[in-house]
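> Only the shape, not the letters, is given here:
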């Protein structure tokens, strides 16, 4: 099952479906040609359709939405509404849907997140040449519903990278998720680990892998784009990505002396009129980002508008640091721009990087060679061909010999490794944080999701209970998701070669009928009902669990201070063991059915929260998981 755009000259082929939603053809004709039409298709059969128009002033409207009668009440209408919300977010500010005063359609659209904004009494009596009935009653009034599309807009981001092997692997994954985030640009920068050198200053290159590799990865993406577009039309055009890939300050560690193509590009992004948050992913040093900020300060400091410019940029940027890989953040950004929001991953990333062998096997199933051979083999397409694995024969120009993990010499020196083991994607948590799978982490990074969980101060100094090690670990806020993350990656690699939608697997769509922000009194019993549809018709498995580490109920123990786990001067993890006799805040399974009954503890205090997560996994290959998180606040 997939959603497809209908060519202009084929719209009238769907007259029968269109008339299910709007019974008078001359009224349909008024908007059909100026609208974009989408159909939901399975095995060549059209199951549902919708028509979306541009109504001006940032509003798009679903003028017509119909589901074939034989397929109704299976979540297909909701699938189309969700498609419209995701597809038109960013292009429009609000979505409007007008319908009759029906006891079926109005509650349905409200459950999709729309709210009634206006009624037009007698509209159907004035407009149609015959009575219109639904659910056994004659429609009289027009009901207009709207919702903001900002919550559905893809997060906007710019990637800065220094070109290490794990950066190159991370960029491959990032390109496969370019449908789920709005990549404003890619900027090559330096770090303490990699720089191009500066002959004028007598600085030799160090572990520099060149400045062409991002373009080469985009070329590989271009070879896959036609197939990827079949699976999600939001994948950006490769030419757009090429045009927005720039070279920044790469000559030496922390160099921010001169403006560069990359720094000027970032400066433009920071100052542009796009109101969305801009996530600045920092896979290397912050020096190109710092140079852009310094250029802005030099231009505006001392001028009347300086405070407005400063505040606007501080409100707009979120800098996601993967380690602190040069001195420019501490010496400039933190001191001159202290109000910019920062998410600082100083240790968790190691666990999706070179430290992954420290985990128990239960967490590493999808990182071992046998899984990699199955799903990340070169046969998976042009992007998979470039993905680096241990002992795969790849040689990275400019890298040190001892860092050439693709060679046999590395395997001989590291007997703990197996050929085709995972190497590293230490930078990927910075964009996995942006991937919306229903966990709501962009509302608040303390909630936790595929990029890990953060403290209120934006650091990875909070921990989840690891059942395999029987202690609280900051790293487990990331590693707990590995199977789902990797299976999703494998599915997207399969999209690269699947020219037909039905030849690959796709994640289910999940929602909770009662809503996702609820209030309840101490001792109150709640009933929650999860519902889901699968684009491929796969069987679905439901699992409700309480994410106790993320909620604020004081009846369970959470660690305060964490103990650093270090190696060679680097913090690899932060851990804590609960004292004897206390009940730690641990994830607990609540139900394996779509419906959950949850009893709010009688000692819960007003304002405390409970995070209840339903995860729905399909029976496809590989199995894919989507979540919905309900936050219950004690009244």
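Great, that's in hand. Note that the structure is a prediction, hence the values are computed from the model and not measured.
> Can you find the helix or strand of this structure with the lowest average pLDDT?
strand 2-5 (a mean of 84; mean pLDDT, DSSP states H and E).
> which residues sit against it?
36-42, 79-80, 83, 230-231, 233, 501-502, 506, 535 (CB atoms under 8 Å, 6 or more residues apart in numbering). For glycine as for every other residue, the C-beta is placed from the backbone atoms N, C-alpha and C.
> Provide the secondary structure category for residue 50.
Here residue 50 is recorded as strand under DSSP: H, G, I helix; E, B strand; the rest coil.
> count of neighbours near it?
As a burial measure, residue 50 scores 26 neighbours (other CB atoms under 10 Å).
> Relative to residue 99, how far out is the residue nearest to it when sequence neighbours are not counted?
Excluding the flanking residues, the one nearest residue 50 by CB to CB, 6 or more residues apart in numbering is residue 65, at 4.2 Å. According to CB to CB, to the nearest Å, residue 65 stands 9 Å off from residue 99.
> ok, those two, which is more surrounded?
More crowded of residue 65 and residue 99, by other CB under 10 Å: residue 65, with 26 against 21.
> My read is that the more buried one contacts residue 49, right?
Yes: Residue 65 lies in contact with residue 49 (CB atoms under 8 Å); the separation is 7.3 Å.
> shared neighbours of those two, anything?
residue 80.
> any idea which helix or strand comes after the least confident helix or strand of the chain?
On the C-terminal side of strand 2-5, the closest following helix or strand by DSSP states H and E is helix 15-21.
> Return the set of buried residues in that next one.
In terms of neighbour count (16 or more other CB atoms under 10 Å), helix 15-21 has its buried residues at 17, 18, 20, 21.
> Pull the contacting residues for the first one.
Which is residue 17. Neighbouring residues of residue 17 by CB under 8 Å, 6+ apart: 46, 48, 49, 66, 68.
> Tell me the one among these nearest to residue 561.
Checking the contacts of residue 17 against residue 561 by CB to CB gives residue 48 as the nearest, at 54.1 Å.
> Can you report how many residues neighbour the closest one?
Neighbour count of residue 48, defined by other CB under 10 Å: 25.
> try residue 6
18.
> In this structure it contacts residue 39, no?
Yes: counting by CB under 8 Å, residue 39 is a contact partner of residue 6 at 5.7 Å.
> Find residues that contact each of the two.
Common neighbours of residue 6 and residue 39 (CB under 8 Å, 6+ apart) are 14, 49.
> picking that back up, any idea which of the contacts of residue 17 is the one closest to residue 422?
residue 48 (40.5 Å).
> who are the neighbours in contact with the closest one?
17, 39, 40, 65, 66, 67, 68, 71, 76, 77, 79, 80.
> quick one, helices of the stretch 51-200 of the chain?
Under the criterion DSSP state H, counting those that start in this stretch, the stretch 51-200 of the chain carries helices at the ranges 76-88, 105-111, 123-127, 165-176.
> any idea which of those helices is most buried?
helix 165-176 (a mean of 24; mean count of other CB atoms under 10 Å).
> per-residue pLDDT, residue 161?
Residue 161 is assigned a predicted lDDT (pLDDT) of 97.
> where's it relative to residue 402, distance?
For residue 161, the distance to residue 402 equals 22 Å [CB to CB].
> which one of these two has more residues nearby?
With other CB under 10 Å as the criterion, residue 161 and residue 402 differ in neighbour count, and residue 161 comes out ahead with 26 against 10.
> bridging residues for residue 565?
residue 573 (DSSP bridges).
> Surely it and residue 576 touch.
No: at 10.9 Å, residue 565 does not count as touching residue 576 under the criterion of CB under 8 Å.
> list the residues that contact both of these two?
Joint contacts of residue 565 and residue 576 (CB under 8 Å, 6+ apart) do not exist.
> Who are the contact partners of the residue nearest the centre of the chain?
The centroid of the chain falls nearest to residue 435 when counting by CA atoms, centre = their mean (0.8 Å). Residue 435 sits next to 177, 180, 181, 449, 450, 451 when contact means CB under 8 Å, 6+ apart.
> Next, the contact list for the third one, please.
For residue 181, the contacting residues are 154, 155, 156, 157, 431, 434, 435, taking CB under 8 Å, 6+ apart as the criterion.
> For it, give its distance to residue 158.
Residue 181 is 10 Å from residue 158, by CB to CB.
> what are the phi and psi values for residue 351?
Main-chain torsions, residue 351, degrees, to the nearest 10: phi -80, psi -10.
> Equivalent analysis for residue 595, please.
phi -100, psi 140.
> mind checking the longest helix of this structure?
helix 213-231 (DSSP state H).
> what is the mean pLDDT for the following helix or strand past that one?
Next in sequence after helix 213-231, counting helices and strands by DSSP H and E, comes helix 238-243. Throughout helix 238-243, pLDDT has a mean value of 96.
> tell me what helix 238-243 is packed against?
helix 213-231 (3 or more CB pairs under 8 Å, 6 or more residues apart in numbering; DSSP states H and E).
> Counting by contacts, list what the helix it packs on packs against.
helix 165-176, helix 238-243, strand 245-247, helix 382-386, helix 482-495.
> Go through that helix and flag the buried ones.
Neighbour counts over helix 213-231 (16+ other CB under 10 Å) mark 213-214, 217-218, 220-222, 224-225, 227-228, 230-231 as buried.
> Compute the distance between the closest residue to residue 487 other than its chain neighbours and residue 365, please.
Excluding the flanking residues, the one nearest residue 487 by CB to CB, 6+ apart is residue 622, at 4.1 Å. Applying CB to CB, the value for residue 622 to residue 365 is 12 Å.
> neighbour count winner among the two?
Higher neighbour count among residue 622 and residue 365: residue 622, with 20 against 12, using other CB under 10 Å.
> Surely that one is in contact with residue 489?
No: using CB under 8 Å, residue 622 is not in contact with residue 489; the gap is 9.0 Å.
> And the contacts of residue 435, which is closest to residue 327?
residue 451 (25.0 Å).
> show me where the stretch 401-550 of the chain has strands.
With DSSP state E, counting those that start in this stretch as the criterion, the stretch 401-550 of the chain has strands at 464-466, 471-473, 509-512, 517-520, 525-533, 540-546.
> re the thing from before, in contact with the closest residue to the residue nearest to the centre of the chain other than its chain neighbours, which residues?
Spatial nearest neighbour of residue 435, chain neighbours left out: residue 180 (5.1 Å); criterion: CB to CB, 6+ apart. Contact analysis of residue 180 by CB under 8 Å, 6+ apart lists 154, 234, 434, 435, 436.
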